[in-house]
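S.K.: sequence and predicted structure, then a few things I'm wondering about:
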Amino acid sequence: MMLPTHALVGLALAAPLAVYAPELAPAALLGGLLGGIFPDLDLYSGHRKTLHYPTLYPVAALPAVLAAFVWTGPISVAVALFLLGATLHCRMDVYGGGLELRPWEGTSERAVYDHTRKEWLPPRRAVAYDGSPGDLALSAAVGVPLFVVLDGAFAWAVVAALAVAAAYVTLRRRLANLAPRVFRYVPEPFAAYVPERYGTN
């Protein structure tokens, strides 16, 4: 699924604290937001493998959540929400499309790499692909209530995420056609970081 959807879901994990524990809400929201985003920082270096850990993030999240209950404070809560956001990010990618330039074609059976089993998990395509109308609908379903509940910088982050999501969905198929033409001109040594799927037309 697209990055704005992951960011919004990360915020949604922490949103209840905005109501029930407002003193912890900023740390929780920041942790959830960053956790939702973090795995996709591997976009140009082994995407959905280098920073995607569908088994290890949950294993790390469980003691972090317990620690946040026992030693409740901004840091423990932020760490717990970060790991929960990263966990959910990886699970969501499994329920999206495959890792390919044109995922609507359904030719890839690689969704997320599972390091513990040393194999790729196949896409389940509950949301057809990143940047699909269904992906945008999910972003809106999560983002609109968040905008009502949150305020300040986090409310603006929701607006920005929804705007980026709408623009990406509008341009998604055009970007897939444009990418191979643009990335073939990337100079060395940067070309090594261009995903292999961008090199075909």
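M.R.: Looks like it came in fine.

S.K.: start to end distance for stretch 105-117?
M.R.: For stretch 105-117, the separation between the terminal residues is 27 Å (CA to CA, to the nearest Å).

S.K.: now it: average pLDDT?
M.R.: On average, the pLDDT along stretch 105-117 is 95.

S.K.: how far is it from where the chain is centred?
M.R.: Put simply, stretch 105-117 sits 16 Å off its chain's centre (CA atoms, centre = their mean, to the nearest Å).

S.K.: what are the buried residues along it?
M.R.: Buried residues in stretch 105-117, defined by neighbour count with 16 or more other CB atoms under 10 Å: Ser108, Arg110, Ala111, Val112, Tyr113, Asp114. All C-beta spots, glycine's among them, are computed from the backbone N, C-alpha and C.

S.K.: do stretch 8-22 as well
M.R.: Under the neighbour-count criterion of 16+ other CB under 10 Å, stretch 8-22 has Leu8, Val9, Gly10, Leu11, Ala12, Leu13, Ala14, Ala15, Leu17, Ala18 buried.

S.K.: next, Asp114: phi, psi?
M.R.: Dihedral pair for Asp114: phi -100, psi 110, per degrees, to the nearest 10.

S.K.: what segments of this protein are helices?
M.R.: Remark: helices assigned in the chain by DSSP state H are 3-20, 25-37, 56-70, 74-94, 133-149, 152-183.

S.K.: buried sites along the fifth one?
M.R.: Going by neighbour count (16+ other CB under 10 Å), the buried part of helix 133-149 is Gly134, Asp135, Leu136, Leu138, Ser139, Val142, Gly143, Leu146, Phe147, Val149.

S.K.: which one of those residues is nearest Leu81?
M.R.: Nearest to Leu81 among those, counting by CB to CB, is Leu146 at 14.2 Å.

S.K.: the closest residue to the closest one other than its chain neighbours: neighbour count?
M.R.: Spatial nearest neighbour of Leu146, chain neighbours left out: Val158 (4.9 Å); criterion: CB to CB, 6 or more residues apart in numbering. By other CB atoms under 10 Å, the residues close to Val158 number 25.

S.K.: C-alpha coordinates for stretch 189-201, PDB please?
M.R.: Output of stretch 189-201 as PDB, limited to C-alpha atoms (Å, rounded to 0.1, in the frame of the first residue of the first chain):
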ATOM      1  CA  PRO A 189      27.100   5.300  -9.000                       C
ATOM      2  CA  PHE A 190      23.400   6.200  -8.300                       C
ATOM      3  CA  ALA A 191      22.200   3.700 -10.900                       C
ATOM      4  CA  ALA A 192      22.900   0.900  -8.400                       C
ATOM      5  CA  TYR A 193      20.100   2.200  -6.200                       C
ATOM      6  CA  VAL A 194      17.500   2.200  -9.000                       C
ATOM      7  CA  PRO A 195      15.100  -0.700  -8.400                       C
ATOM      8  CA  GLU A 196      15.500  -3.400 -11.100                       C
ATOM      9  CA  ARG A 197      11.800  -3.200 -11.900                       C
ATOM     10  CA  TYR A 198      12.300   0.500 -13.100                       C
ATOM     11  CA  GLY A 199      14.700  -0.600 -15.800                       C
ATOM     12  CA  THR A 200      12.100  -2.400 -18.000                       C
ATOM     13  CA  ASN A 201       9.400  -0.800 -20.100                       C
END
